[in-house]
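Trainee: Got a predicted structure plus its sequence, pasted below:
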Amino acid sequence: MKNIENKTSRRSSLKKMGMAVIGALGLGMSNNALAKESNPKKQVLDKPENDQDIPLFSGAVRHGNTLYIAGKGAHFEGDIKAHTDHVLKELQKGLEKNGSSMEQVLKVNVYLHDLEDYKGMNEVFRGRFGKNPPVRTTVATYGGVPGKSLVEMDCIAAVD
């Protein structure tokens, strides 16, 4: 009988400890409760100039500690390497302007006008995000990238 009481007491103690850990981690809370507690708000950081009363898109948006940078293109004559360099510099400016950096980029989407430019784009892209590059998706777009750019990129980054 004493052995059964010890097991029951031990289970009860472990259950209480587990519930305390779950509560501390916020795992016992519903998604709505978590959202209300931390309540990050969407902050539009960059609105395109000279747009109408309701812009088509925002240049950068922050939600909590995550920064989203809209697609950047290169709208001038040049090859894929010149366009890639320009686009990466524009992303870097947007990141730094809004409290992040190339090293804090988590995800990059690359849109190529022509998949034949993949190798040249990679030559310029490599190393631009530090020793631990972000995850990346690269696609060739049907019909090309808007504005005659050979490449467009957007990214998601952490913000301190």
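Mentor: Good, I have the coordinates.

Trainee: Point out the other helices and strands that the host helix or strand of Gly94 packs with.
Mentor: According to DSSP states H and E, Gly94 maps onto helix 80-97. For helix 80-97, the packing partners by 3 or more C-beta pairs under 8 Å, 6 or more residues apart in numbering; DSSP states H and E come out as strand 42-46, strand 66-73, strand 105-112, helix 118-125, strand 151-158. Using the backbone N, CA and C atoms, a C-beta is placed for each residue, glycine as well.

Trainee: How is this structure divided into domains?
Mentor: Taking automatic domain parsing as the reference, the chain has its domains at 2-35, 41-158.

Trainee: distance between the last one and the chain's centre?
Mentor: On the basis of C-alpha atoms, centre = their mean, to the nearest Å, domain 41-158 sits 11 Å off its chain's mean C-alpha point.

Trainee: what distance separates the start and the end of it?
Mentor: 15 Å (C-alpha to C-alpha, to the nearest Å).

Trainee: Same question for stretch 127-137.
Mentor: End-to-end distance (C-alpha to C-alpha), stretch 127-137: 16 Å.
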